[in-house]
Each structure stands twice: as C-alpha cells, then as structure tokens.
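Colleague: Below are the sequence and a predicted model for it; my questions follow.
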Amino acid sequence: MSEAARRNTAPDFKALRGRFPVLARKTYLNSGSYCALAGSVRQAINAYMEDRLLVGANWDVWVTKNEAVRAAMARVLRASPEEIAVTASASAGLNALASALDFTGPRNKVVVSDFEFPTNAQIWHAQEPRGARVVHVPRAPDGYIPLEHFAQLIDDATQLVAVTHVCFRNGARLDIPGIVALAHARGARVLLDCYQAVGALSVDVRALDVDFAVGGMLKYLLGTAGIGFLYVRGALIPALLPTNSGWFAQERIAAMDISANRPSPTARRFEAGTPPVVNCYAAAAGLDIILEVGTDAIEARVRELTRRCMRGLERIGWPSVTPAEDARRGPMVAVAARDAAQLFARLMEQDIVTSFRDANIRATIHFYNCEDDIDAFLAAMRRHRDAFHPGTAQSAV
C-alpha cells in the first residue's frame with residue numbers, strides 16, 4: 001500500500017494493540033521510559049541470534065540492517081538518509097556534534113532550556129573548557145517557558161540553541177517553530193532533542209527547519225536501548241568535522257586506512273565504531289511499525305487519549321501539571337504527587353505501569369493504548385487521591 005493510501009485508511013488500533021503481548025497483562029503507560037515490546041521486535045532479536053548460531057559473523061546482513069535503520073529513520077523524520085547518523089545513543093550523537101563545533105570565536109554561546117533532559121545540558125556544559133558559554137532559559141511563574149524568554153537570551157553571540165521538544169519531567173511541549181525562527185534570525189543554529197516526541201508525534205525536520213535533531217529508539221520508536229540517531233541538515237555537513245570518530249565514520253569503511261581521517265561526505269561522519277548490530281535488528285522492526293501506522297495517525301490518537309486522561313483527572317480533582325493546549329502538550333500526562341515514588345509502587349501493585357520524575361507521576365501514552373487503559377489509570381488515581389494528592393494548588397504549565 002502506498003503512503004498516501006495508508007494515510008487515507010484509519011489504522012485498526014485494536015488489532016495493532018494485539019501485537020504487544022504485555023498489554024494483555026498490564027496497563028502499560030510507560031512508553032516515555034521504555035516502550036512495550038512488539039512481537040515483531042522480539043522476533044527480529046531472535047533472528048539475529050539465529051544468524052549468529054547458523055552463520056557466525058554475518059557482516060553483509062549486519063551492514064544492511066544498519067542501513068535499513070538509517071533509511072527508515074529518514075522517512076520518519078522526513079529527511080534524507082544521507083542526513084542521518086546511526087549512533088549508540090542520543091549522547092553519542094550529541095558528543096560527535098559537539099566535537100565538530102568551534103567555541104573559540106565570538107559565537108561561543110549555547111542556549112539550553114530548563115526543560116532539558118540532563119544529557120542535553122551536561123554535554124554542552126562539558127564544552128566549557130573548550131570555550132563554550134552555556135546559558136539556561138528559565139521558566140515563567142506558571143511553569144511554562146514562553147518564547148519571549150528565549151528572545152531575551154538568543155543573541156549575536158549564540159552559536160547553538162539546544163532544546164527539547166517535550167519536557168521529560170512534565171510533558172510540556174515547547175514552541176519549536178517560534179524558537180527556530182528566533183534563532184535563525186540571529187544567526188544561530190538549532191538542535192532539537194526529540195526523544196520524548198518522535199514516534200508519538202510527527203517530527204518533520206524540514207517543516208520545523210531545525211539544523212540538528214537527536215533521539216533514540218527505546219521509547220516511542222518501539223525499538224530497544226543502545227541505539228539512537230543524529231540528524232544533520234545536509235547543507236551543514238561538509239563544514240562540520242567531528243573529532244569524535246571511528247572506522248564507520250570514514251568515507252570508505254572497508255579501506256582500513258590508518259594513514260589519515262577521511263570522513264564520509266554524509267552524516268555518517270558523526271558515527272564511530274562497529275554499529276550496535278543486534279539493536280539494529282530491533283530498531284528496524286520497531287520503525288517498520290511506526291511507518292506502517294503513520295506518525296500523523298499516531299499523533300492524532302495520542303492527542304485524543306491524553307485529552308481523555310487530563311479531563312478525567314480534572315473531574316476527580318487532581319489535575320495534571322501538563323499543558324492542556326494541544327500545541328503545548330506531547331504524549332505525556334504528568335501529575336504532581338505527595339510521594340511520587342510510593343504512588344508509582346502502589347500503581348505497579350495494580351499492574352498499572354507508569355514512571356515518575358521529580359514529584360510527578362508520568363503516564364506516557366502511545367497508539368497501542370486504549371480508552372480502557374486511561375480509565376483504569378483514572379480509577380486508580382481516584383482511589384489513591386486522599387493518600388497522595390499534594391494537597392495544595394499547583395500551577396499548571
């Protein structure tokens with residue numbers, strides 16, 4: 001079926017749900033930490049094991065799997081395969097990119113937000129001995145980070161604005177088009193950390209006009225840990241020379257040339273050593289599911305389920321701290337709790353799998369979730385309200 005035809009055919013979410021065995025036993029609302037395992041992803045990992053037993057070193061197949069991940073990730077992001085590096089993690093992609101940037105000139109400033117996952121701040125702070133000057137964009141009193149706060153800090157000294165798409169603590173979604181427009185108007189480039197968005201939301205790097213994007217396969221992309229991606233806008237690649245490198249970053253991998261560093265003309269120059277082979281099998285299978293369902297359909301389904309969850313929380317008098325507006329919300333619904341760790345444990349005892357960060361319980365929702373999952377979570381939260389409600393009004397972001 002063509003992609004256009006698939007977009008005009010509503011996915012059968014009930015049938016798709018049946019591909020994830022854990023959903024028959026658990027109310028699984030933890031895709032923002034680690035996705036539910038699809039049967040086809042498990043089979044892909046088993047296929048790798050069979051290859052190892054029957055063939056041993058099957059390099060031709062392994063390289064093909066690595067390239068399949070690159071091509072599929074490019075389709076998810078609406079990019080070109082030449083703009084995708086397959087990395088061991090989001091951190092590996094960020095470190096490779098950081099190694100290619102020069103902070104000794106007048107543009108030595110890196111702007112990050114207070115919504116960042118630690119990696120996307122720590123790695124830029126790690127560049128401070130190389131001359132980087134890192135500044136943080138603070139929240140407003142209501143908990144959100146408005147565009148005007150970015151406008152106050154992005155200036156002619158800014159080389160990079162490194163921002164998350166969706167905050168891992170509270171589910172707030174930043175105004176990425178607005179931030180990109182601000183940054184580009186002032187000559188800065190934008191790195192998007194879309195780990196908490198891609199696969200559950202449509203992330204079109206061309207439409208967003210970002211210069212770089214990073215993420216990984218273990219959350220909403222339905223793969224596994226130990227594999228990620230870095231997108232680099234094609235026009236920028238020739239001028240960026242990473243010093244974090246390896247043999248798979250070379251123009252001719254098989255040359256085994258120890259006389260020089262000859263990087264690939266594509267984003268593969270941001271890769272390093274031997275690819276994460278078994279993880280490529282899992283990631284390729286997960287990406288196949290995402291592409292089959294379609295990210296536009298997935299985003300619409302996730303929006304519907306998060307809205308149902310947030311309205312239900314309002315009804316029981318325990319509102320979420322996640323923004324209610326669609327444009328400011330991703331696939332996460334976060335709820336402030338008096339003892340989030342203990343509430344997480346109580347929910348787990350009822351086979352409701354969530355997660356927690358700071359003082360918030362996180363219900364992270366994917367297309368394989370259903371209304372019954374949301375209602376089970378709401379019923380449990382109602383039962384635990386007296387014990388775990390923070391008791392004082394908290395500002396919603």
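Modeller: Okay, I see it.
Colleague: For the rest of this, base every contact and every neighbour count on C-alpha atoms.
Modeller: OK.
Colleague: Please, where are all the strands along this protein?
Modeller: 27-28, 84-87, 109-113, 133-137, 158-164, 189-193, 212-216, 228-232, 332-336, 352-353, 355-357, 360-364 (DSSP state E).
Colleague: Dump those strands to TSV, plus mean pLDDT.
Modeller: As requested, the strands of the chain are arranged in TSV below (pLDDT from 0 to 100):
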stretch	mean pLDDT
strand 27-28	98
strand 84-87	98
strand 109-113	98
strand 133-137	98
strand 158-164	98
strand 189-193	98
strand 212-216	98
strand 228-232	98
strand 332-336	98
strand 352-353	98
strand 355-357	96
strand 360-364	98
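Colleague: Now render those strands as TSV, adding mean neighbour count.
Modeller: What follows is the strands of the chain, written out as TSV (neighbours: other Cα atoms under 10 Å):
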stretch	mean neighbour count
strand 27-28	24
strand 84-87	29
strand 109-113	24
strand 133-137	19
strand 158-164	25
strand 189-193	24
strand 212-216	26
strand 228-232	29
strand 332-336	28
strand 352-353	22
strand 355-357	21
strand 360-364	26
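Colleague: Of those strands, which is nearest G171?
Modeller: Proximity to G171, assessed across these by Cα to Cα, is greatest for strand 332-336 (4.8 Å).
Colleague: residues near R382, how many?
Modeller: 17 (other Cα atoms under 10 Å).
Colleague: so how far is T354 from the residue found closest to it once you drop the neighbours it is linked to in the chain?
Modeller: Leaving aside its sequence neighbours, R382 sits nearest to I316 (Cα to Cα, 6 or more residues apart in numbering; 6.2 Å). Separation of I316 from T354 (Cα to Cα, to the nearest Å): 19 Å.
Colleague: Look at the two and report which has more neighbours.
Modeller: Higher neighbour count among I316 and T354: T354, with 23 against 14, using other Cα under 10 Å.
Colleague: who touches the residue lying closest to M348 once chain neighbours are set aside in this structure?
Modeller: In space, not counting the residues next to it along the chain, M348 is nearest to T354; the distance is 7.5 Å by Cα to Cα, 6+ apart. The contact partners of T354, by Cα atoms under 8 Å, 6 or more residues apart in numbering, come to Y28, L29, N30, F344, L347, M348, I361, R362, A363, T364.
Colleague: Find me the pLDDT at T354, would you?
Modeller: Predicted confidence (pLDDT) for T354: 98.
Colleague: Touching the longest helix seen in the chain from outside, list them.
Modeller: Criterion DSSP state H: the longest helix present in the chain is helix 295-315. When contacts are defined by Cα under 8 Å, 6+ apart, helix 295-315 is touched by residues 7, 10-11, 76, 199-202, 319-320, 324, 326, 330-333, 365-367, 369-371, 374-375, 378.
Colleague: again with stretch 271-288
Modeller: So stretch 271-288 is contacted by 38, 40-42, 44-45, 48, 62, 65-66, 68-69, 72-73, 76, 85-88, 93, 96, 217, 221-227, 244-249 (Cα under 8 Å, 6+ apart).
Colleague: Give me the buried entries from the residues you listed.
Modeller: When the contacts of stretch 271-288 are checked for burial by 16 or more other Cα atoms under 10 Å, the buried set is 38, 40-41, 44-45, 48, 62, 65-66, 68-69, 72-73, 76, 85-88, 93, 96, 217, 221-227, 244-249.
Colleague: In helices only, show me these.
Modeller: 40-41, 44-45, 48, 62, 65-66, 68-69, 72-73, 76, 93, 96.
Colleague: Taking the residues you listed, tell me the two that lie furthest apart.
Modeller: Going by Cα to Cα, the pair spanning those furthest: S40 and A96, at 31.5 Å.
Colleague: Bridging across strands, which residues link to L201?
Modeller: V198 (DSSP bridges).
Colleague: pLDDT score assigned to it?
Modeller: 98.
Colleague: measure it to P146 for me?
Modeller: Counting by Cα to Cα - L201 and P146 are separated by 21 Å.
Colleague: out of the two, which sits in the busier spot?
Modeller: The neighbour comparison of L201 against P146 (other Cα under 10 Å) goes to L201, with 23 against 17.
Colleague: gap between the more buried one and G330?
Modeller: 7 Å.
Colleague: Tell me the spacing between P177 and I258.
Modeller: 43 Å.
Colleague: okay, which residue is most central for this structure?
Modeller: By Cα atoms, centre = their mean, the chain has its centre lying nearest to Y195, at 1.0 Å.
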